[in-house]
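[1] Starting from these lines, generate the structure:
(2 chains)
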Amino acid sequence: MERNVVMIALFAALIAALGLIPTITLMSGVPISAQSLGVMLCGTVLGARKGALAVLLFLLLVALGLPLLSGGRGGLGVFVSPTAGFLVGFPIAAFVAGTIVERFRAVPLTWAAMIGAFLGGVVALYIPGIIGMAITLDKSLSGAAALALPFLPGDAIKVVIAGLVTAAIARARPGSLLSRP
Amino acid sequence: MLALTSPVDTVFHRLPAALKLLVMAGFTVAVFRVERPAVMLIPLAIVAAAYAIAGRAVLRQGARALRPLWPFVAVILLWHGATRDLATGLALTGRILSAVALANLVTMTTRLDEMIGVVNGALRPLERLGVRTGAVGFAIALVIRFTPVLIEKGRALAEAWRARSPRRPGWNIVIPVTLAALDDAEYVAEALRARGGLPAGATERNRHGT
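    All right, here's what the predicted structure looks like:
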């Protein structure tokens, strides 16, 4: 019990810390932060349930007024802004990524984590994200999807990194990989 | 780590946090119902008046907090300018700006410990049902404590990297930072077990993280 609560809290802190890691700027000029990488890792390392709880805890602290989102954003305003759908997608992303790693034991960890990070951190994250933008901007779903398109190359990079980092964690601390105990 | 609460005291600081949250929720629902561009001036006027009462320091911080919205505002106005429906575009912009600005005002005028008080208040019914809500307050305190620790570790690792490599530190930093989070978690969990475990309820931890 204690270990689970502390793991969840420390991974919520990890999402915040990764949001502050200097962002890589792609050739298209779109900046990418490591924050959604943190969300993917919550799922692939902690597993579905604990990963989603870590993300929910992180979002609770953002809502309480801490500037933990990348770029130092936070507070209640981000939950009513056009990008709020992505915040809704964050815990779902971790849950999906965790479920894939937990369930598909036959698949080697690196690949399972990459597939999980893609289905969670890209597919499951963008669906509510795009719906949210379509609602707030009063656009069609395809119009809103076009706005999200420039971020896809960065997400592809993060999916690969999530797989490699998860595998490295499993080698360095096999006992701490809660998604595949 | 600094919260987004404004250090400049305003009348809004003295209002109960739960009331502000209810007003904000009601305002947001209402503003998303408004369709006619002319009617959108009402919520905009309300938010402008609230910021005027709050004063210049809050206004400046509030304007800075709206900066991430400008790309969206640009897209809306370009789109509706091109379709010759600028009035609708302006109404949409007004809706987004007024909703986000009011929510930010609540954040800027409510201290972190008051917000945590609201969370604990919301958890209390669960506590009566036998859920161990103490974990939530404890987890909040842990995140507040360990976020700066992990940021500092990441910064130290990046510096160590720069001292040895001509290239910029990239994603490789993520592995040691994640390991640091895992190791810290194991230490804290062990220390916590040694001291008798988690607190039982939220009520006894009302003043956490202030």
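[2] From now on I want contacts and neighbour counts done on CA atoms only, so please keep to that.
    OK.
[3] And for B:Ile173, the neighbour number?
    By the measure other C-alpha atoms under 10 Å in any protein chain shown, the count of residues near B:Ile173 is 17.
[4] Please list all residues in contact with it.
    With contacts defined as C-alpha atoms under 8 Å, 6 or more residues apart in numbering or on different chains, the neighbours of B:Ile173 are B:Gly154, B:Leu157, B:Ala158.
[5] Of those residues - the most surrounded one?
    Among the contacts of B:Ile173, the one with the most neighbours (other C-alpha under 10 Å) is B:Gly154, at 22 neighbours.
[6] Apart from its neighbours in sequence, what residue is nearest that residue?
    Across the structure, with C-alpha to C-alpha, 6 or more residues apart in numbering or on different chains as the measure, the residue nearest B:Gly154 apart from its sequence neighbours is B:Val177 (5.9 Å).
[7] shouldn't that neighbour be in contact with B:Leu150?
    Yes: contact criterion C-alpha atoms under 8 Å: B:Val177 and B:Leu150 qualify, at 6.8 Å.
[8] Give me the common contacts of the two.
    With contacts defined as C-alpha under 8 Å, 6+ apart, the residues adjacent to both B:Val177 and B:Leu150 are A:Leu14.
[9] Okay, now the unreliable bits of chain A?
    Of all residues in chain A, those with pLDDT under 70 make up the ranges A:22-31.
[10] residues contacting the most centrally placed residue in it?
    For chain A, the residue sitting closest to the mean C-alpha position, by C-alpha atoms, centre = their mean, is A:Val39 at 2.5 Å. Applying C-alpha under 8 Å, 6+ apart, one finds that A:Val39 lies in contact with A:Ile15, A:Gly51, A:Val55, A:Phe90, A:Pro91, A:Ala93, A:Ala94, A:Gly121.
[11] Check A:Leu59 too.
    For A:Leu59, the residues meeting the contact criterion (C-alpha under 8 Å, 6+ apart) are A:Leu87.
[12] Helix or strand: which one has it?
    Element membership of A:Leu59 [criterion: DSSP states H and E] is helix A:48-64.
[13] Downstream of that helix, the next helix or strand is which one?
    Tracing the chain C-terminally past helix A:48-64 and defining elements by DSSP H and E, one meets helix A:84-103 next.
[14] Give me the domain ranges for chain B.
    The record assigns chain B these domain ranges, following automatic domain parsing: B:11-110, B:117-208.
[15] residues of the lengthiest helix in chain B that come out buried?
    Here the longest helix in chain B is taken by residue count, with DSSP state H as the criterion, and it is helix B:134-164. For helix B:134-164, burial by neighbour count (16 or more other C-alpha atoms under 10 Å in any protein chain shown) applies to B:134-151, B:153-155, B:157-158, B:161.
[16] What of stretch A:154-169?
    Counting neighbours by 16+ other C-alpha under 10 Å, one finds that the buried residues in stretch A:154-169 are A:154-156, A:158-169.
[17] Check the gap between the residue sitting furthest away from the middle of chain A and A:Thr83 for me.
    No residue in chain A has its C-alpha farther from the mean C-alpha position than A:Asp138, which lies at 25.8 Å (C-alpha atoms, centre = their mean). According to C-alpha to C-alpha, to the nearest Å, A:Asp138 stands 13 Å off from A:Thr83.
[18] and if you look at B:Leu21?
    When C-alpha to C-alpha is the yardstick, B:Leu21 and A:Thr83 sit 20 Å from each other.
[19] element containing the residue nearest to the centre of chain A?
    Per DSSP H and E, the secondary structure element for A:Val39 is helix A:35-46.
[20] what sits against A:Ser70?
    A:Ser70 sits next to A:Ala16, A:Gly19, A:Leu20, A:Ser33, A:Gln35 when contact means C-alpha under 8 Å, 6+ apart.
[21] From chain B, how far off is the second one?
    Yep, that's A:Gly19 we're talking about. From A:Gly19 over to chain B the distance is 9 Å, taken as C-alpha to the nearest C-alpha, to the nearest Å.
[22] Could I get the contacting residues of that residue?
    Residues counted as contacts of A:Gly19 (C-alpha under 8 Å, 6+ apart) are A:Ser33, A:Ala34, A:Gln35, A:Gly38, A:Leu68, A:Leu69, A:Ser70, A:Gly71.
[23] Please pick the buried ones from these.
    When the contacts of A:Gly19 are checked for burial by 16+ other C-alpha under 10 Å, the buried set is A:Ser33, A:Ala34, A:Gln35, A:Gly38, A:Leu68, A:Leu69, A:Ser70.
[24] and the nearest residue to A:Gly175 once chain neighbours are set aside, which of the three is it?
    Excluding the flanking residues, the one nearest A:Gly175 by C-alpha to C-alpha, 6+ apart is A:Pro181, at 6.8 Å. Under the three-state scheme (DSSP: H, G, I helix; E, B strand; the rest coil), the conformation of A:Pro181 reads as coil.
[25] burial count for A:Pro181?
    By the criterion of other C-alpha under 10 Å, A:Pro181 has 10 neighbours.
[26] Next: B:Ala45.
    Taking other C-alpha under 10 Å as the neighbour definition, B:Ala45 ends up with a count of 12.
[27] State the helix or strand in which it lies.
    Assignment of secondary structure by DSSP H and E places B:Ala45 within helix B:41-54.
[28] Using CSV, write out every CA atom in that helix.
    Output for helix B:41-54, consisting of C-alpha atoms alone and laid out as CSV, is shown next (Å, rounded to 0.1, in the frame of the first residue of the first chain):
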residue,chain,number,x,y,z
LEU,B,41,-19.9,41.0,-24.7
ILE,B,42,-21.7,40.4,-21.4
PRO,B,43,-19.3,37.6,-20.1
LEU,B,44,-16.4,39.6,-21.5
ALA,B,45,-17.5,42.7,-19.5
ILE,B,46,-18.0,40.6,-16.3
VAL,B,47,-14.4,39.2,-16.6
ALA,B,48,-13.0,42.6,-17.4
ALA,B,49,-14.7,44.2,-14.4
ALA,B,50,-13.4,41.4,-12.1
TYR,B,51,-9.9,42.0,-13.3
ALA,B,52,-10.3,45.7,-12.9
ILE,B,53,-11.4,45.1,-9.3
ALA,B,54,-8.4,42.8,-8.7
